[in-house]
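> sequence first, predicted coordinates after that:
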Amino acid sequence: MLRLLYRCALRLHPPGFRKRFGEEMLSIFDEARGRLAALRLLLDNIVSLSRQWALRSEFWNESASTPAPQAALDGIPSFCSLDPFRPRAAAVVPGLVLTMAVFSLTCVAIKYSWIHVLHVHIPEVQFEAPQWIPPNASPSGFRGAPTEPVAQSQAVAPSLPAAPTLAPEAASRPASNAPTAVGVATKAPNNRAVPPSASANSKPHEIARTSPESKSQATVDQPLAIGALPSAFAEETNLDAAARHRVIDRAITDLTKYYVDPDVAQKMSIAIRKHEKNGDDRASDGGAFADLLTRQMQDVSHDNYVAMIYSTAETSETPLAPTTEEVARYRKEMEQSNCTFEKVEILPHNIGYLKFNAFPDASICGPTAAAAMAKLNGADAIIFDLRDNPGGYANMVALIATYLFDRPTHLNDFYNRSENATEQSWTSPPIPGNKLADKPAYILTSSTTFSAAEGFSYDLKMLKRATLIGETTSGRGHMGAPHRIDDHFTIRVPGMKVINPISKTNWEGTGVEPDVKVKAADALKTAIDLAEGKLQKMQENP
Amino acid sequence: MNDDLDRFLPLSPAALHILLSLSGEDLHGYGIMQEVARQSQGKYKLGPGTLYDNLQKLIQREWVEELGLRPADDDPRRRYYRLSTAGSGVLAAEIARLAEVVREARRRLQASKSSVAKPRRA
């Protein structure tokens, strides 16, 4: 009987105490001899019971099983704490830390799930119109960052202009920068774009103007590509903070990874992040947002090559490698335009004059260039007219320069940031029968002489092999490839720069200073005068 | 370290006796009760309620550890307890404090004896 009471009293103890000591207390009770001792233990137990409940709340906790609160009736909310447990003061700190950790994790989860929701490609049947045309269907199909249309058109068109032929990002892949080149070609006041731009022109439209029939077929095979069509529309009109944030994140990643100058890359990253925080780029429209980012990056870097580009049509997942068809088209266009060699003439006083409006790929235009130089081989002086030359391939720079030297000559180095590699560009060994190696050379420049054409001018100026006449050139010494950010945004990051072995620098931002500064329009006349004067002097003092 | 210990001093008589009883060997609850009674020559009797109330606190402060092992032939309901290093430290500090109290008490008592004697002499 007493034992039963003792057990009952034990059971009424707080669970933590009961579980820990209950059994042992009962064993002590069982040791007790005599009724009196048992009674005393029972009394002790009851005192202990009241003490544990009244004074030892900090020990109640272990799996407390107080009566469950009554469920609220009639929809009236009621608040009951599940158990009267009062935490120790010391437990508050870990509790706080844990709460904050869970809160942060939840925020992160929400953030990512939100982005996921935003960009989910739902197979859509919304645009059922038979002739669906992409919204914002400008002739080019592209928009973005045309801060100076003329300048950009030329900078972009030649695509990775002075890059060595074998550079993986660059010259070997003329179509990869189609998105940039296309938008520009239509804006150029005088379309001097090198063929790759033209060859890529039709691509985005083919994607955008998929007919309904082919759409429904494609839904089976490529649900993702089709789903992206409506999403293109959605993003065009509704670009929210999360989407902008994602573009900025990727932009910073690409800048950090590829941009030629890590310090400037960091400055740009900080700047665009700061503008984002300040809410300066709340553009709901992709094109406007791209323009803002471009301005923010260029304000800090003073590098007009770096740009964010937005296109309404989808950009492809992987950079486009030139297809055989595109290469063939480029070749054909080069043939039709005589590889941009516009004039190959012998002027009075046997002065050779060569006007060419690009440095086309030597692997295609090598023979044309060789023929032009052969025609001028007998000249006593030679004038290269680069006033309308937007640049092109480094292999053509080296090929033409080869005619001006009697030994292989180091022209410049191409430094590739992401590969941390430097590639040297040299002229070839002298061409048999060439007579131009010791003839005076003149180069005509203008403010629209770009990139590889600037490289040609700069290299020969540094080597004191040519006299530059005309205007300071545009100042593009960086090259780079567009990097795809998502279906609509592409960032153009100069990832490569020229380092001249003599000056140890390049003409980026500053342009190439001519030796004789005259207006571009007067440059040819000045060059002819100078050449005639020089030839006369040479005749007088052989 | 001493400051930390001083915070807990003086110990309650129950805590002191429990720690003292465990300073010899590991004991189960009933063993502690018996040992306390023995050490105090039966003058201090610890009931299980007080014992476990104190053990609860001592375990929480990590002065006493509960052992997982027990003799095979023992009552399985029994649990064994051991004095931890921290517990020994506390016990030593408390004993030192008590010794100081006793020394002080003796000094005072002797002083009062002499001060009582003086007026007689005067």
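Ah, there it is. Numbering: from 1, shown residues only, chains lettered A, B, ... in the order given.
> number of nearby residues for the residue in the stretch 251-400 of chain A that chain B sits nearest to?
The stretch 251-400 of chain A approaches chain B most closely through residue A:277 (46.9 Å), counting by C-beta to the nearest C-beta. Where you see a C-beta, it was placed from the backbone N, CA and C, and this is true even at glycine. Residue A:277 has 8 neighbouring residues, counting by other C-beta atoms under 10 Å in any protein chain shown.
> that one: helix or strand, and which one exactly?
Assigned by DSSP states H and E, residue A:277 falls within helix A:262-278.
> for that helix, buried residues please.
Using 16 or more other C-beta atoms under 10 Å in any protein chain shown as the test for burial, helix A:262-278 gives A:264, A:265, A:267, A:268, A:269, A:271, A:272, A:273, A:275, A:276.
> three-state assignment of residue B:99?
The three-state label given to residue B:99 by DSSP: H, G, I helix; E, B strand; the rest coil is helix.
> next, count neighbours for it.
Neighbour count of residue B:99, defined by other C-beta under 10 Å: 10.
> can you check residue A:437 too?
15.
> who's in contact with it?
Neighbour list for residue A:437: A:403, A:404, A:405, A:406, A:430 [criterion: C-beta atoms under 8 Å, 6 or more residues apart in numbering or on different chains].
> show me the contacts for the closest residue to chain A within chain B.
Nearest residue of chain B to chain A (C-beta to the nearest C-beta) works out as residue B:49 at 2.7 Å. Residue B:49 makes contact with A:44, A:45, A:47, A:48, A:49, A:51 under the criterion C-beta under 8 Å, 6+ apart.
> could you report the neighbour count for the second one?
Counted with other C-beta under 10 Å, the burial measure for residue A:45 works out to 23 neighbours.
> helix/strand/coil for the residue nearest to it when sequence neighbours are not counted?
Spatial nearest neighbour of residue A:45, excluding adjacent residues (C-beta to C-beta, 6 or more residues apart in numbering or on different chains): residue A:9 at 4.5 Å. Under three-state DSSP, the three-state class of residue A:9 is helix.
> now do residue A:469
Look at residue A:469: counting by three-state DSSP, its state is strand.
> can you give me the neighbour number for it?
With neighbours defined by other C-beta under 10 Å, the count for residue A:469 comes to 28.
> that one touches residue A:528, doesn't it?
No - contact criterion C-beta atoms under 8 Å: residue A:469 and residue A:528 do not qualify, at 9.9 Å.
> looking at the contacts of residue A:437, which one is closest to residue A:521?
residue A:404 (25.7 Å; C-beta to C-beta).
> what's the helix or strand for residue A:424?
Assigned by DSSP H and E, residue A:424 belongs to strand A:421-426.
> which elements pack onto that strand?
Using 3 or more C-beta pairs under 8 Å, 6 or more residues apart in numbering or on different chains; DSSP states H and E, the elements in contact with strand A:421-426 are helix A:394-402, strand A:410-416.
> now do the contacts for residue A:52.
Applying C-beta under 8 Å, 6+ apart, we find residue A:52 in contact with A:13, A:14, A:17, A:59, B:53.
> mind redoing it with 7 Å?
Contacts were defined as C-beta atoms under 7 Å, 6 or more residues apart in numbering or on different chains; by that measure residue A:52 touches A:13, A:14, A:17, B:53.
> what does residue A:345 give?
residue A:353.
> would you mark the buried spots in the helix or strand encompassing it?
Per DSSP H and E: residue A:345 is located in strand A:341-347. For strand A:341-347, a neighbour-count test (16+ other C-beta under 10 Å) marks A:341, A:344, A:347 as buried.
> likewise stretch B:52-62?
Buried, per 16+ other C-beta under 10 Å, within stretch B:52-62: B:52, B:53, B:54, B:55, B:56, B:57, B:58, B:59.
> could you list the low-pLDDT ranges of chain A?
A:61-87, A:113-238, A:315-321, A:542 (pLDDT under 70).
> now do the contacts for residue A:376.
Remark: with contacts taken as C-beta under 7 Å, 6+ apart, residue A:376 is in contact with A:344, A:352, A:354, A:382.
> the bottom helix or strand of chain B by mean pLDDT?
Among the helices and strands of chain B, helix B:2-8 carries the lowest confidence by mean pLDDT, DSSP states H and E, at a mean of 67.
> what does chain B put close to chain A?
Residues of chain B lying close to chain A (C-beta under 7 Å from any C-beta of the partner chain) are B:29, B:30, B:47, B:48, B:49, B:52, B:53, B:56, B:75, B:77, B:78, B:79.
> wait, the fourth one touches residue A:23, no?
Yep, that's residue B:48 we're talking about. No - Residue B:48 sits out of contact with residue A:23 when judged by C-beta atoms under 7 Å, with a separation of 11.8 Å.
> neighbour-wise, which of these two wins?
Using other C-beta under 10 Å, the more surrounded residue of residue B:48 and residue A:23 is residue B:48, with 26 against 15.
> thinking again about what came up before, from the helices and strands packed on strand A:421-426, which stretch is densest packed?
A comparison of those by mean neighbour count, using mean count of other C-beta atoms under 10 Å in any protein chain shown, puts helix A:394-402 on top with a mean of 25.
> pull up the gap between residue B:63 and residue B:95, please.
According to C-beta to C-beta, to the nearest Å, residue B:63 stands 14 Å off from residue B:95.
> ditto for residue A:399
Distance, residue A:399 to residue B:95, by C-beta to C-beta: 99 Å.
> quick check: residue A:404 is in a strand.
No - counting by three-state DSSP, residue A:404 is located in no strand; its state is coil.
> so it sits against residue A:436, correct?
Yes - here residue A:404 reaches residue A:436: they are 6.2 Å apart, a contact under C-beta under 7 Å.
> what strands line up against the longest strand anywhere in chain A, and which way round?
Longest strand of chain A, by residue count under DSSP state E: strand A:489-499. Applying DSSP bridges, strand A:489-499 is found paired with strand A:307-311 (antiparallel), strand A:410-416 (antiparallel), strand A:478-484 (antiparallel).
> all set, thanks.
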